[in-house]
Structures are given as C-alpha cells and as structure tokens.
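Colleague: just need the structure, nothing else, for what follows:
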Amino acid sequence: MALILAWVLPLEPTYEGRRLSAWIRGGVTDEGRVAVKSMGSNAVPFLLAKLQREDPLPEKWVAEFFSYRGWGRLPTRLAWSDWHDAAAGFDALGEMAAGALPELEQSLDDGERVFAVARALCAIGSKAIPALTNGLASTNPIVRSTIAAMLFRLGTNGAPAIPALLGLLGDPDGRVVNAAISTLGSAAYLRLAPERVVPGLAGCLDNSNHRVRVQALEVLARFECAARGALPEVVESLNDPVEKVRQAAVHAAFRIHPAPVTMMAARLRHPEARVRKTAVTGLASHCLRDCSQDTNVFCTMTNLLTDPDPSVRKEVVRALHRLNRRMATRMKVGFADE
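Modeller: All right, here's what the predicted structure looks like:
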C-alpha cells in the first residue's frame, strides 16, 4: 500500500530538511516564503494535490456531528485547512506557479474551494486574468462574488479585469454587486480607469438595494475630482429616502465638488426636511474636518432655527454648538428648543 501511495501522490519537496507542508502550514512566514521560492515549480504538483483534496464522506459526517454538538473541531485536519495552506504556498510562488493555471481554472467553479483557488490565481498575476474573468461568468453567485472580491489582490495588474467587474454591477445578486464595487474601490485608490469606473458606479445610485447605493457613493468619493462627471447623480442622492445614503452622498459631494460649501448651503432651502437635516449635518462635519470656522455657514444655519420641522431645528442647534460653542452660547442657541 505504501508503494502504491508513493506512486500516486506527488513527491513532497523539502528545504533545509523540512517538508513543504511544514513550511506552509497555517500560513507562510518570511522564512517560509524563501523556502517555497527555493523549491520553485517543484512545489506546484504537491500544492495542487493539497488544493484538490476531498474529505472522505464518513469524516464529513463526523465533522458535522461535532459541529452540531458544539464539540469544536475534529482532531484530524479537514480538507479546507489544506486548501488554505496550498493557497498560501501559491502566494509565495507567485508567477513561478504559472504552470498550474489549467488545473486551477478547472477548480474555479467549485463554490467550496473557490476562495483558495481564486487566491492562488491572483498570486500568479496578470497571466491568470483570463481565467479569473471567465470565472465571473459562473452561474454560482458565491463563485462570482468571491472572485470579484479577490481581484483586488492584483493591484495595478488588475486593470484588464475592470470591464468584467463593471459588468457585475447589474448582477441580480447583491453580494456580487457589493464585491465588485469593493474591488473597484481599490481601483479608485490606484486611480485605475476613472473614465470607465465612475459612470458605472454612478449607474449604481439607482439600485434598489440601499447598501449598494451607499457603497457606490463611498467609492465615488475616493475618486475625488476624477468623479466630477458623476456629481449630478451624487447630488440627486441627497434626496434619497434612506438616511445612510444621504450621509454618504454628502461625504461624496464634499470630496468631488470644487466648492462644496456653496453647493451644500443651497440644500438648506430644500423643501424636504430630511434633505435640510442632512445638509446641516454635512456642513458642520465638513467645517470641523477642515478645522475651519466658517462664519457664513454659521450664519446661514441660524436661519433654520425657526424651521417648521423639529428634527431640523434640533440638528441645527447641535451643529451650531459643534461649529462655535462660544458664539452659540452667547446667542442662547438651543435654550428655547431643549
């Protein structure tokens, strides 16, 4: 039996007397990275074997029973541990593991191990982009969302994957859309293709899921002046029925607009109370963040002390005290409202 196993399984490489599995178990240290790179392509067959490992059915049943009873983990290692160890090994190898691309792509549609496989592919770099973008067309939403979330690991090498990510912004599954927007957020930090990403994110501001709208606004804010073309949609989001969306819109507008105070002050005269309230909060936060005591903003806000909506008046009192407590106290702002 031992001879049969030795013939079927790939020979495990070693470095300085330690086996590869010992170097990658639980993650790869700096020393382990040197070890794995020294093994080079010889490590690939063994890493693939670990990544393709399956738990025997009886072991799965026992694991589920332990979990149901709350007894913790099994004393034996389950397959998922090997999957993540293998992914760490591929991380260390990087482009040296390019020979594993065909086998990794075949495993990419497996919802259980897609995280480890996608991580391994991202470690290979730009050569793996065709396989990853093909995986985004999977019928399994877990696969699509996981790959979309992992693509940020490519950094600037991920620019060719941006069109595929933009294509996911209309996905029917909210998890997939959130994952795509999150990765596009890293594109914002790297200033990758704003002329394509900004219009795509602006289109998300009509999404029925308010979490998607909030996330799109947060990413648009990261593009700053490069997102100026989306300003009309951002300003329109100040009328959103969800307060978190309005707050995100205020933040985005201040990051994008060249004269945000003037623009936001105009919202103080909006017919809807919720918009006036959000504008008050946004103006106060902006002035405090920029360490500026804008007397024009302070004076403009005092006009809302007689606002017909009590929630707006309360927010104005709070904002005036945050902006200039001494002046607000001198004017006895708030004493009549409290």
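Colleague: okay, and the helix or strand of the chain with the least pLDDT?
Modeller: Within the chain, confidence by mean pLDDT, DSSP states H and E is lowest for helix 2-8 among all helices and strands, at a mean of 43.
Colleague: what is the subsequent helix or strand relative to that one?
Modeller: strand 14-15 (DSSP states H and E).
Colleague: chain center to that next one: distance?
Modeller: Centroid separation for strand 14-15 versus its chain: 37 Å, with Cα atoms, centre = their mean, to the nearest Å.
Colleague: what's the average pLDDT for it?
Modeller: Taken as a whole, strand 14-15 carries a mean pLDDT of 91.
Colleague: heads up, I number from 732, so please use that
Modeller: Shifting the count to begin at 732 puts that one at strand 745-746.
Colleague: so which elements touch the one helix or strand Pro963 maps to?
Modeller: Taking DSSP H and E as the criterion, Pro963 maps to helix 962-967. Contacts of helix 962-967 with other secondary structure elements, assessed using 3 or more Cβ pairs under 8 Å, 6 or more residues apart in numbering; DSSP states H and E, are made with helix 974-987. For the C-beta atoms, the positions are set from N, CA and C on the backbone; glycine is no exception.
Colleague: could you pull up the mean pLDDT of the helix it packs on?
Modeller: Helix 974-987 shows an average pLDDT of 88 in the prediction.
Colleague: by contact count, what packs against that helix?
Modeller: With contacts defined as 3+ Cβ pairs under 8 Å, 6+ apart, helix 974-987 has these neighbours: helix 941-954, helix 962-967, helix 991-997, helix 1004-1020.
Colleague: now the helix holding Pro963, how far from the centre of its chain.
Modeller: A distance of 23 Å separates the centroid of the chain from that of helix 962-967, by Cα atoms, centre = their mean.
Colleague: which residues are in contact with that helix?
Modeller: With contacts defined as Cβ atoms under 8 Å, 6 or more residues apart in numbering, helix 962-967 is touched by 933, 936, 948, 951, 958, 980, 983-984, 987-988, 994.
Colleague: who wins for most neighbours among these?
Modeller: Counting neighbours by other Cβ atoms under 10 Å, Leu951 leads the contacts of helix 962-967 with 34 neighbours.
Colleague: strands of the chain, start to end?
Modeller: Secondary structure of the chain (DSSP state E): strands located at 745-746, 749-750.
Colleague: circling back: could you tell me the least trusted of the helices and strands packed on helix 974-987?
Modeller: helix 991-997 (a mean of 69).
Colleague: quick one: low-confidence ranges for this structure?
Modeller: Low-confidence regions of the chain, defined by pLDDT under 70, span residues 732-741, 786-808, 989-993, 1019-1026, 1065-1069.
Colleague: mind running it again at 80?
Modeller: Across the chain, the ranges flagged by pLDDT under 80 are 732-742, 786-810, 918-922, 988-1000, 1013-1032, 1034, 1053-1069.
Colleague: can you list the strands of the chain in JSON lines and add mean neighbour count and distance to Pro776?
Modeller: Formatted as JSON lines, those follow (neighbours: other Cβ atoms under 10 Å; distance: least, Cβ to Cβ, whole Å):
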{"stretch": "strand 745-746", "mean neighbour count": "16", "distance to Pro776": "14"}
{"stretch": "strand 749-750", "mean neighbour count": "12", "distance to Pro776": "14"}
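Colleague: hmm, back to that, out of the contacts of helix 962-967, which comes closest to Leu852?
Modeller: Leu951 (28.8 Å; Cβ to Cβ).
Colleague: residues touching the nearest residue to the closest one once chain neighbours are set aside, list them.
Modeller: The shortest distance from Leu951 to any residue that is not its chain neighbour, by Cβ to Cβ, 6 or more residues apart in numbering, is 4.6 Å, and that residue is Ala958. For Ala958, the contacting residues are 925, 929, 932, 951-952, 965, 983, 986-987, by Cβ under 8 Å, 6+ apart.
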